[in-house]
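Asks: starting from these lines, generate the structure:
(chains A, B, C and D)
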Protein chains: 2
Amino acid sequence: MRRQPTIATVAEHAGVAVSTVSRYLNGHYVSQSAKQRIAKVIDKLGYTRSATARNLSLRRTGCLGVVVDSTIDPWFVQLLGGIEEELTTHDTSLMLASLELRGHYDASIVMKWIREKRVDGLIFVKSQKRERPLLQAAADAKIPTVAVSPEGVEHSQVVRSNNVAGGAAVADLLVDLGHRRIAFAGGPDYSIDSKDRLRGLKSRLEHLGASLDPKLIFSCHSWEAEAGIEFGRTLFSKPLSITALVAANDALALGFMRVAQQRNVRIPQTLSVIGFDDIPESALVWPGLTTVAQPMRDMGREAYRKLFQKVEMLETPAVVEHPMELIIRESTGPARQN
Amino acid sequence: MRRQPTIATVAEHAGVAVSTVSRYLNGHYVSQSAKQRIAKVIDKLGYTRSATARNLSLRRTGCLGVVVDSTIDPWFVQLLGGIEEELTTHDTSLMLASLELRGHYDASIVMKWIREKRVDGLIFVKSQKRERPLLQAAADAKIPTVAVSPEGVEHSQVVRSNNVAGGAAVADLLVDLGHRRIAFAGGPDYSIDSKDRLRGLKSRLEHLGASLDPKLIFSCHSWEAEAGIEFGRTLFSKPLSITALVAANDALALGFMRVAQQRNVRIPQTLSVIGFDDIPESALVWPGLTTVAQPMRDMGREAYRKLFQKVEMLETPAVVEHPMELIIRESTGPARQN
DNA sequence: TTGTATGCGTTATCAG
DNA sequence: CTGATAACGCATACAA
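Replies: Predicted structure coming up:
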């Protein structure tokens, strides 16, 4: 049984030194004649270089770490799709870390990666304050990071979307539809995303002569649908005064809609609902959820690229902000009149 | 700037040979005194071994390949969660390949992995006939594989769930609720999963004195919600004769339900709907989708373990079959009487 | 332009 | 039980 051909095999067959083959492989200077011979030998032998050996020699791992609360999050899944596109073209592998994999927050895995230098770079998704120690540790270990998150973090580049503009777009739509009694179901209190979306909504409403009653600004304890369900139960336990609900993301909106439908609240005749993100599920339910789309796939790709640029030591703007787009489906309509 | 400590650094500080440290690291025989000194030095230096160098020496990559039609598939996402749990405890990294990443089938990435031996093992998710060449190539390259798929594949171990029993459970429920006019919306024609679910449904129905009209057995061109929507449009273009629809998976059922609701078909009063898998979305919509749950997370873990066992050359049963569990939500109810 | 020699950090073999 | 030493496969100064 023969072993895989190595760079030495190729060199021997081509009658050149190993270093020449290496130079050829890396696009450095090699004479035409040598080039041709090497190319032919490589083709004949079906040689491919060992990524492991290459990484060892280059003192890197060829591995990217991605950190997120939960890999099950549909929003993250989209982002991962974008990251994957880049991965396959750059033959680097992936390490996934769910910070809440087993129900409770546990950053030890990521800490271990950093300590052991298991990754060449780290993408933090939806990172928040509690991730600060990780970011810091990564910086100390000189591992580049990019955060897909609204918050500018020291030592770390940022990919985010224009939440404020998104919030404003929602205000435009709702006012246009005649809504004046509007509630906002925010994400967790610490979330800057949520705050920014609210800010955009609020200021544009006021700009348009409408307003947002502070008593109608709520927050949910998580970003997940379950929290939206909980919020819905609370909201519907009292008489319904509002005509429109803006949820800080689609998952919350979807959870909320489930409760609404369960209680026969007609959407959008009685109540309009609108979310943020445009996860696939939003287009799947009936009525389809009107939402402010975020280009998650693009953001995933962008995150990867920024990381690599950093690895390659190029300077790029610290923050890349992606546009959001309003997508109108069936969950929004004219405000009811009573 | 100092470099990371290596095994040589440790050896030197502990006054032993490199090989002794290596033996210590791998749990081979080392004298108590040496053990203690080495342990102390490692702790003081904060030494961790280089996975890359280790992999090179061990002639492996420390990387697992996962192949699937689309990583966006919610069913797959659950499976990935299970795989991830294993990954983090075995410090191996991941390479993801969507066979339909850019809209069309493209297996070249996976072929490349195999050719270049970029992975130590391969998990094929929902693999079908068209993946045969890949499986074969992997076998030729002596890369172990496990298929999360109903089909027994040569050279490859299999993790699957008991689709036939799942189909039977559906039959039990529907007959119990008085349904006699039942339709089945299958997955793609080639799908064994779909066939098995249908088989279980059909034979149990007949066993119970009911039956499945062959004219009411349909198939969709994909497993995705979009195909369920398409199916719904077709079905509702004619007068509705059935009282219950069994979809071959949840995504199809969800797509179908969207159309039904859009056309004001009441679920379950007019029509009961039932699916397979129990993806999270099924619990989120209203009415919640009654479904036959598949332990995706467990299956993901199992797939990883079987792969590793194979790597470690242990013999295990070629097929592991996981049980399915009926989960009754709001989308099923008594058959209407007209 | 090419070859030589050395380093990357581990593991494994084989004497001692 | 331990210590040299040779792989592992590739990259890169440096010399020629």
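
Asks: now the strands for chain A?
Replies: Assigned by DSSP state E, the strands in chain A fall at A:63-68, A:93-98, A:121-125, A:145-148, A:157-161, A:182-186, A:217-219, A:244-247, A:272-277, A:290-293, A:319-322, A:325-327.

Asks: now the first one: buried residues?
Replies: By neighbour count, with 16 or more other CB atoms under 10 Å in any protein chain shown as the criterion, the buried positions of strand A:63-68 are A:63, A:64, A:65, A:66, A:67, A:68. C-beta coordinates here come from the backbone N, C-alpha and C atoms, glycine included.

Asks: tabulate the strands of chain A (CSV), appending mean pLDDT.
Replies: Below are those laid out as CSV (pLDDT from 0 to 100):
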stretch, mean pLDDT
strand A:63-68, 96
strand A:93-98, 94
strand A:121-125, 95
strand A:145-148, 93
strand A:157-161, 92
strand A:182-186, 98
strand A:217-219, 97
strand A:244-247, 98
strand A:272-277, 98
strand A:290-293, 98
strand A:319-322, 88
strand A:325-327, 97
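
Asks: out of those, which is the most enclosed?
Replies: With neighbours defined as mean count of other CB atoms under 10 Å in any protein chain shown, the strands of chain A peak in mean count at strand A:244-247, which reaches a mean of 30.

Asks: show me what it is packed up against.
Replies: For strand A:244-247, the elements it packs on are helix A:163-176, strand A:182-186, helix A:250-262, strand A:272-277, judged by 3 or more CB pairs under 8 Å, 6 or more residues apart in numbering or on different chains; DSSP states H and E.

Asks: phi, psi of the residue lying closest to residue A:262 once chain neighbours are set aside?
Replies: Excluding the flanking residues, the one nearest residue A:262 by CB to CB, 6 or more residues apart in numbering or on different chains is residue B:286, at 5.2 Å. Main-chain torsions, residue B:286, degrees, to the nearest 10: phi -130, psi 130.

Asks: circling back to that earlier point, for the helices and strands packed on strand A:244-247, which one ends up most surrounded?
Replies: Ranked by mean neighbour count, the helices and strands packed on strand A:244-247 are led by strand A:272-277 with a mean of 28 (mean count of other CB under 10 Å).

Asks: and it with strand A:182-186, angle?
Replies: For strand A:272-277 against strand A:182-186, the angle by axes from the mean of the first three to the mean of the last three CA atoms, to 10 degrees is 30 degrees.

Asks: wait, residue A:166 sits on residue A:200?
Replies: Yes - using CB atoms under 8 Å, residue A:166 is in contact with residue A:200, at 6.2 Å.

Asks: surely residue A:123 is in contact with residue A:67?
Replies: Yes - proximity of residue A:123 to residue A:67 meets the contact threshold set by CB under 8 Å, at 6.9 Å.

Asks: need the pLDDT of residue A:1.
Replies: If you check residue A:1, the pLDDT there is 49.

Asks: ok, residue A:129 next?
Replies: As predicted, residue A:129 sits at a pLDDT of 85.

Asks: could you find the closest non-adjacent residue to it?
Replies: Closest residue in space to residue A:129, ignoring its immediate chain neighbours: residue A:190 at 6.2 Å, by CB to CB, 6+ apart.

Asks: now residue A:163
Replies: residue A:196 (3.6 Å).

Asks: how many neighbours does that neighbour have?
Replies: Look at residue A:196: counted by other CB atoms under 10 Å in any protein chain shown, it has 21 neighbours.

Asks: pLDDT value on it, please?
Replies: Predicted confidence (pLDDT) for residue A:196: 96.

Asks: OK, contacts around it?
Replies: A:150, A:163, A:164, A:167 (CB atoms under 8 Å, 6 or more residues apart in numbering or on different chains).

Asks: so the third one touches residue A:200, yeah?
Replies: Yep, that's residue A:164 we're talking about. Yes - using CB under 8 Å, residue A:164 is in contact with residue A:200, at 3.7 Å.

Asks: how near is the residue nearest the centre of chain A to residue B:138?
Replies: With distances taken as CA atoms, centre = their mean, residue A:79 lies nearest the centre of chain A, 4.3 Å away. Separation of residue A:79 from residue B:138 (CB to CB, to the nearest Å) stands at 29 Å.

Asks: next one: residue A:33
Replies: According to CB to CB, residue A:33 and residue B:138 sit 38 Å apart.

Asks: the more surrounded of those two?
Replies: Set residue A:33 next to residue B:138 and count neighbours by other CB under 10 Å: residue B:138 wins out with 25 against 9.

Asks: how close does the more buried one sit to residue B:109?
Replies: Distance of residue B:138 to residue B:109, computed by CB to CB: 13 Å.

Asks: now do residue A:323
Replies: For residue A:323 relative to residue B:109 (CB to CB), the value is 30 Å.

Asks: what's the answer for residue A:137, then?
Replies: Distance, residue A:137 to residue B:109, using CB to CB: 33 Å.

Asks: more neighbours: which of these two?
Replies: More neighbours surround residue B:109 than the other of residue A:137 and residue B:109, with 21 against 18 (other CB under 10 Å).

Asks: wait, what's in contact with that one?
Replies: Counting by CB under 8 Å, 6+ apart, residue B:109 makes contact with A:88, B:97.

Asks: roughly how far does it sit from residue B:96?
Replies: Residue B:109 sits 10 Å away from residue B:96, taking CB to CB as the criterion.

Asks: and for residue A:180?
Replies: Computed as CB to CB, the residue A:180 to residue B:96 distance reads 47 Å.

Asks: mind giving me the domain ranges of chain A?
Replies: Chain A is divided into the following domains under automatic domain parsing: A:7-49, A:63-161+A:296-323, A:163-295.

Asks: how long is the longest one end to end?
Replies: This means domain A:163-295. One end of domain A:163-295 to the other measures 12 Å (CA to CA, to the nearest Å).

Asks: same question, the first one
Replies: Between the opening and closing residues of domain A:7-49 lies a distance of 7 Å (CA to CA).

Asks: give me every residue in chain A lying close to DNA strand C.
Replies: Neighbours of DNA strand C within chain A, by CB under 7 Å from any atom of the strand: A:15-20, A:23, A:29-31, A:33-34, A:53, A:56-57, A:59.
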